[in-house]
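> Sequence and predicted model, in that order:
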Amino acid sequence: MPEWYEISYRTFIAVGALFIFTKVLGKRQVSQMSMFEYITGIAIGNIIGYISLDTDRKWYIGLVAVFVWALVSLGMAFMQIKSKKARDFIDSKGRILIKDGKVLEDNLKKERLTSDELMEQLRKKNAFKLADVEFAIMEPSGDINVLLTRENQPLTPKHLGIKVAPEQEPQMVIMDGKIMDEPLATIGLSREWLNTELEKLGAAIENVYLGQVDSYGQLSVDLFDDEIKVPLPQKKAALFATLKQCEADLMLFGLTTKNKKAIEMYERCANQMSEIVADLKPVLHR
């Protein structure tokens, strides 16, 4: 058998085995690896290289080694799920770097982290001033999570005592110029509705790269032709404007009549409409 042919089929076998074992080990092996998983990844990579190129040895011996490594990694993962002590031993614990706005220098030294590196990580969390940080901790994965002081935290409706309705996830209904029927059915819409909305935007379906419907039933699209400008959805803005117009009309009706009962009724309705507008404003302006 020619050497190039043997290397080719051994490489295909190695890639297939690596894909299967990676799927078995789970997504965490790819995204955020612990120290042991990092070592496992390096070892399996070296073994896969051996399977592909070392034609002097039997290829299935390498697969046995990969299988053993994967089995050990799965065993360690199972131990981590079942035991807090195992998680602390394998992944180690998170370490507090900043507490009550004070940098803990001893913990920085234990993590072998310089002040420059600390500031770099803080800037990644949009904390450019050390005085703005209330609490910071280095997680076992190596990430640094930051809690800003209360006055530097973003203002939310909860801070204002405003309750907002839960928002469903947007659905991608057009992709690469093709209509996605399943997402459309999930939000209770049809192709006829989608075609009508596209006509309003002046966009042809074949020119739509991506189309997305939000929880309010508004369609936004991105076209293949970047030179064409598509108007933004205006349903919420139009509804808000209509409500404000109704409020203004009620106040106007109250001013144009001399009937006391009618004036009281219009004022009462105008106040109710004003309360409705105030309640809906956070939703309609999002």
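Noted; the coordinates are in hand.
> Please count neighbours and contacts with C-alpha atoms only from this point.
OK.
> Pull the contacting residues for the residue most central in space within the chain.
Centrality entry for the chain: nearest residue to the mean C-alpha point is residue 169, 11.1 Å, by Cα atoms, centre = their mean. With contact set as Cα atoms under 8 Å, 6 or more residues apart in numbering, residue 169 has these partners: 214, 215.
> which secondary structure element contains it?
Following DSSP states H and E, there is no helix or strand that holds residue 169.
> if I look at it, how far off is residue 186?
11 Å (Cα to Cα, to the nearest Å).
> Next: residue 156.
In terms of Cα to Cα, residue 156 sits 29 Å off from residue 186.
> Equivalent analysis for residue 239, please.
From residue 239 to residue 186 the distance is 25 Å (Cα to Cα).
> These two: which is more packed in?
residue 239 (13 against 9; other Cα atoms under 10 Å).
> pLDDT on whichever strand or helix holds the more buried one, on average?
Using DSSP H and E, the secondary-structure element containing residue 239 is helix 235-256. If you average the pLDDT over helix 235-256, you get 75.
> Quick check: pLDDT value at the residue lying closest to residue 251 once chain neighbours are set aside.
Nearest residue to residue 251, sequence neighbours excluded (Cα to Cα, 6 or more residues apart in numbering): residue 270, at 6.0 Å. Note on residue 270: pLDDT of 82.
> Show the contacting residues for residue 270.
247, 248, 250, 251 are the contacts of residue 270 under Cα under 8 Å, 6+ apart.
> The nearest residue to the second one once chain neighbours are set aside: what secondary structure?
Computed as Cα to Cα, 6+ apart, the closest residue to residue 248 that is not its neighbour in sequence is residue 270, at 7.7 Å. The three-state label given to residue 270 by DSSP: H, G, I helix; E, B strand; the rest coil is helix.
> Could you measure from the residue nearest to residue 251 over to residue 239?
Taken as Cα to Cα, the span from residue 270 to residue 239 is 17 Å.
> One more: residue 128?
40 Å.
> do residue 152 as well
From residue 152 to residue 239 the distance is 33 Å (Cα to Cα).
> again, but for residue 228
Counting by Cα to Cα, the gap from residue 228 to residue 239 is 27 Å.
> same question, residue 265
On the measure of Cα to Cα, residue 265 and residue 239 end up 24 Å apart.
> pLDDT on the helix or strand residue 75 falls within, on average?
Taking DSSP H and E as the definition, one finds residue 75 inside helix 59-82. Per-residue pLDDT over helix 59-82 has a mean of 75.
> again with stretch 16-29
61.
> same thing with stretch 210-217?
For stretch 210-217, the mean confidence score works out to 84.
> Return the set of buried residues in that stretch.
210, 211, 212, 213, 217 (16 or more other Cα atoms under 10 Å).
> In the stretch 1-150 of the chain, what residue spans correspond to helices?
3-25, 35-53, 59-82, 84-91, 105-110, 115-124 (DSSP state H, counting those that start in this stretch).
> This protein - how does it break down into domains?
3-88, 95-152, 171-233, 236-284 (automatic domain parsing).
> among those, which is nearest residue 161?
In terms of Cα to Cα, the element of the domains of the chain nearest to residue 161 is domain 236-284, at 11.2 Å.
> now that closest one: how far from the chain's centre is it?
39 Å (Cα atoms, centre = their mean, to the nearest Å).
> pretty sure residue 193 is in a strand, no?
No - the assignment for residue 193, made by three-state DSSP, is helix rather than a strand.
> Quick check: pLDDT value at it.
pLDDT, read off for residue 193, is 88.
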